[in-house]
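Participant: With the input below, show me the fold.
(one chain, ligands or ions: 1)
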Amino acid sequence: MNGADSLVATLITGGVEVCFTNPGTSEMHLVAALDQRPELRSVLTLFEGVATAAADGYARMSGKPACTLLHLGPGLANGLANLHNASRANVPIINIVGQHATYHVPLDTPLTSDIEGIARPYSKWLKTASSVSLLGQDTAAAIEGCRTPPGRIATLIVPTDIAWSSGGTVGQIAVPPKAPLPATATIEAVAGKLKKARNSALLLSGNTLYGEGLKTAGRIAAGTGAKLFAPYPFTRLQRGAGTPPVERMPYVLEQAVDLLKDIRVLVLVGAAPPIAYFASPNKNSAFTSPECEICTLAKPEEDCAGALEALAAVLGVGHTPPCTEPPQGTSIPTGAITLSGIAAAIAALLPENAIVVDESMTSGRGILPGARGSAPHDFLANTGGSIGIALPLAVGAAVACPNRRVLCLSADGSGMYTLQALWTMAREALNVTNVIFANGSYAVLKREFSYLGVGDPGPRARDLMEINRPQLDWVSLARGMGVPARRITSLDEYAQGLREGFAASGPTVIEIPL
Ligand SMILES: Cc1ncc(C[n+]2csc(CCOP(=O)(O)OP(=O)(O)O)c2C)c(N)n1
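Facilitator: Numbering: from 1, shown residues only. Below is the predicted model:
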C-alpha cells in the first residue's frame, strides 16, 4: 500500500464519508487512491472556498467531519475565508493539502509557498507528513485532532513523494475525547444566580441550540422564566413549532442593546459575551447593560448540553415540560414584491424538516423571526462574518442530509463570491432551492457608512457600494451552470417558485429583483 492509499483507508476507518476537493498535480496519487474507494464520496468544487464551506455545512448537519483535498498553498489560500467561518463555527474538518515532493520544495518552483504558515491561523491541529510509514498514523491523529471538542480544523499537509511511496499502513484511531462537564461549583453558582435574578437569560451556542440541549434549555426557561438567546453568528439553530423559542441577537448594536436592556443575569452556555462586530466612534461595543452580570456556565470546549442538564437538575426543573413555540397559521401573500411578503411566504411554505441556510443580509432580516412557528426546521448562519458562505454551505448540508430539503437564501453580493457552488449542486443533483436577493447593492455597507459618521457618500464612494453596473443576471448565471432558474415579478410567482423548488429533484434558483 502506498502512502495515499494508507491515508484514504485511514479516513474510511475513521468514518469519513465525503471529500470536497479541487485537486492538482501534487494530489494525483491521492486522487488515484480515492478512485479505488468509492465509499469515500469525492465531490468536485470549482473553487476552494466552495470546498471549505461545503465541509463546514456537512459537519454542521451530520456532526461528522468531511475532508477537503486542496492544491498546495494557493489552493489552501483560496479556501481560507470559508475556513475562517468554519473555525468560528467550531466544526470538525480534516483539511488535506498537497505539497511538492520533499526534495522538490528547496528548488522553489512556481507553486512553492509556506503552506504551514498559510494554514496555521485556522488550524488547531497542523502537521506536514514526514514519512510514508507514519502517514496513516498522522491521518488518524488528524481525525482525533478535528474531533477534539468542540470541533476543530485539522490540517494535514502531504508531500507528494510520501503519497506515492510504498510502505503505508492504516492508522489506529483513538476514541475521540469527551467534552468535560464544568465543575459542580460552577453549575451550583449559576443556579443560585438564576434563582435570585428577576430578569435572566441564557445565551446558547453549539449543541444547546438544537436537539436535547435545546429541549433542556426550554425546561430551564419554563421553570425559571429565563429568556433564551442565540448569538447573531450561530452554527445551527433548531426552529419552528414545538421547539423552545430562542431569540437571535440583532446585528445592529442599538437593537441588541434594547433587547438586553433589562437583563440582569446573562448566563453564557458555550457562547462569548455579546459584542458588536465592529467598533463605532463614541459607542460602547457591549450589548449588555452595565448592571448586567455575565457568568459562564460552560465554555465551548466543555459539554454544554450536559452542563444544561446538570443545571436543570440543580434547579429542580429536569422534568418540567419545555416551553415551545405554538404553530403559526400563515397565509401565502400575493401581489407586489415586499421583504415582509417574501418572509411570510417562506414561513408558510417551508417543508417539514427543511434546512435553511441564510446569508440574505439586509433583505432577509425578517425571515428568521417570521418562521418561528413554521414547520420544524434547522437554520444555519454565517459564523465568521466572511461573506460568500451560503451557497457552498448549502452544498454541504444537502450532501449530509439527502432526505431533507435545503432552502438557501443569499444576497447577490455575498452570492457572487462562491457562485460556482451552483455547478456542484447541479452535478450532484442536490435538492437545494436557492433564493437570490438581487438588490444590486452592498446595502449593508451603505448603512455602515452613515452609521460610522463618515458623512454622505460622494459619487466615488457610492460607486464602491453599488453592484448594478453592469446588472448581474442570476438567471443566466445559474442556467450557465446547469441550474434551472427564474426571475420573479410578484409574490405569487415567488410562492410558485418556492413550491416548484421544494418539489424539484435537483437545485433551482429564484432571483428576486429588489
Ligand atoms: C470576505 C469578505 N469581504 C468583504 C466583506 C465586507 N462586506 C460586508 S457586507 C458586504 C456587502 C454585502 O452585500 P450583499 O451580500 O449584496 O448584501 P446586502 O448588504 O446588499 O444586503 C461586504 C462587501 C466581508 N464581510 N467579507
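Participant: and the stretch 401-514 of the chain, which of its residues are near the ligand?
Facilitator: Within the stretch 401-514 of the chain, the positions lying close to the ligand (CB under 6 Å from any ligand atom) are 411, 412, 413, 414, 439, 441, 442, 443, 444, 445. C-betas here are computed from N, CA, C, even on glycine.
Participant: Which pair of the residues you listed spans the longest distance?
Facilitator: Pairwise distances across those (CB to CB) peak at 13.3 Å, for the pair 412 and 445.
Participant: quick one on the thing from earlier: adding neighbour count, pLDDT and distance to residue 136, write the residues of the stretch 401-514 of the chain next to the ligand out as JSON lines.
Facilitator: Formatted as JSON lines, these follow (neighbours: other CB atoms under 10 Å; pLDDT from 0 to 100; distance: CB to CB, whole Å):
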{"residue": "411", "neighbour count": "27", "pLDDT": "98", "distance to residue 136": "44"}
{"residue": "412", "neighbour count": "25", "pLDDT": "98", "distance to residue 136": "45"}
{"residue": "413", "neighbour count": "23", "pLDDT": "98", "distance to residue 136": "44"}
{"residue": "414", "neighbour count": "24", "pLDDT": "98", "distance to residue 136": "40"}
{"residue": "439", "neighbour count": "20", "pLDDT": "98", "distance to residue 136": "51"}
{"residue": "441", "neighbour count": "19", "pLDDT": "98", "distance to residue 136": "51"}
{"residue": "442", "neighbour count": "21", "pLDDT": "98", "distance to residue 136": "47"}
{"residue": "443", "neighbour count": "20", "pLDDT": "97", "distance to residue 136": "50"}
{"residue": "444", "neighbour count": "18", "pLDDT": "96", "distance to residue 136": "47"}
{"residue": "445", "neighbour count": "14", "pLDDT": "96", "distance to residue 136": "48"}
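Participant: Filter those residues down to the ones in helices?
Facilitator: Counting by DSSP state H, the part of these found in helices is 412, 413, 414, 443, 444, 445.
Participant: ok, these vs the ligand, which is closest?
Facilitator: Nearest to the ligand among these: residue 413, at 2.6 Å, using CB to the nearest ligand atom.
Participant: Residue 467 is in contact with that closest one, correct?
Facilitator: Yes: between residue 413 and residue 467 there is a contact at 5.6 Å, judged by CB atoms under 8 Å.
Participant: list residues touching both of the two?
Facilitator: 441, 442 (CB atoms under 8 Å, 6 or more residues apart in numbering).
Participant: Would you mind measuring from residue 336 to residue 441?
Facilitator: Noted for residue 336: a distance of 19 Å to residue 441, by CB to CB, to the nearest Å.
Participant: what's the burial count for residue 142?
Facilitator: 32 (other CB atoms under 10 Å).
Participant: got the contact list for the worst-scoring helix or strand of the chain on mean pLDDT?
Facilitator: Across the helices and strands of the chain, mean confidence by mean pLDDT, DSSP states H and E is lowest for helix 443-451: a mean of 92. Residues outside helix 443-451 that contact it (CB under 8 Å, 6+ apart): 278, 280, 361, 362, 363, 411, 456, 457, 461, 462, 464, 465.
Participant: one more time with 10 Å, if that's ok
Facilitator: The contact list for helix 443-451, computed with CB atoms under 10 Å, 6 or more residues apart in numbering, reads 251-254, 277-278, 280, 283, 361-363, 387, 411-414, 437, 442, 454-457, 461-462, 464-467, 514.
Participant: Report the contact partners of the nearest residue to residue 275 once chain neighbours are set aside.
Facilitator: Excluding its sequence neighbours, the residue lying closest to residue 275 (CB to CB, 6 or more residues apart in numbering) is residue 285, at 5.1 Å. By CB under 10 Å, 6+ apart, the contact set of residue 285 is 253, 274, 275, 276, 277, 278, 279.
Participant: Check which residues of the one helix or strand residue 313 maps to are buried.
Facilitator: In this assignment (DSSP states H and E), residue 313 forms part of helix 304-315. Residues of helix 304-315 classed as buried: 304, 305, 306, 307, 308, 309, 310, 311, 312, 314, 315 (neighbour count, 16 or more other CB atoms under 10 Å).
Participant: Equivalent analysis for stretch 49-63, please.
Facilitator: 49-62.
Participant: cool, stretch 376-395 as well?
Facilitator: Counting neighbours by 16+ other CB under 10 Å, the buried set in stretch 376-395 is 376-384, 386-395.
Participant: What is the distance between that stretch and the centre of its chain?
Facilitator: The chain centroid and the centroid of stretch 376-395 are separated by 5 Å under CA atoms, centre = their mean, to the nearest Å.
Participant: what does stretch 117-128 give?
Facilitator: In terms of CA atoms, centre = their mean, the centre of stretch 117-128 is found 20 Å from the chain centre.
Participant: Just the CA trace of that stretch, in PDB.
Facilitator: Only the C-alpha atoms of stretch 117-128 are listed here, as PDB (Å, rounded to 0.1, in the frame of the first residue of the first chain):
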ATOM      1  CA  GLY A 117       2.300  29.500   7.500                       C
ATOM      2  CA  ILE A 118      -0.900  29.900   5.400                       C
ATOM      3  CA  ALA A 119      -2.700  27.100   7.400                       C
ATOM      4  CA  ARG A 120      -1.700  27.900  10.900                       C
ATOM      5  CA  PRO A 121      -4.200  30.700  11.900                       C
ATOM      6  CA  TYR A 122      -7.100  28.400  11.100                       C
ATOM      7  CA  SER A 123      -5.700  25.000  12.100                       C
ATOM      8  CA  LYS A 124      -5.900  23.900  15.700                       C
ATOM      9  CA  TRP A 125      -4.100  20.800  14.600                       C
ATOM     10  CA  LEU A 126      -1.400  21.100  11.900                       C
ATOM     11  CA  LYS A 127       1.200  18.700  10.600                       C
ATOM     12  CA  THR A 128       3.300  18.100   7.500                       C
END
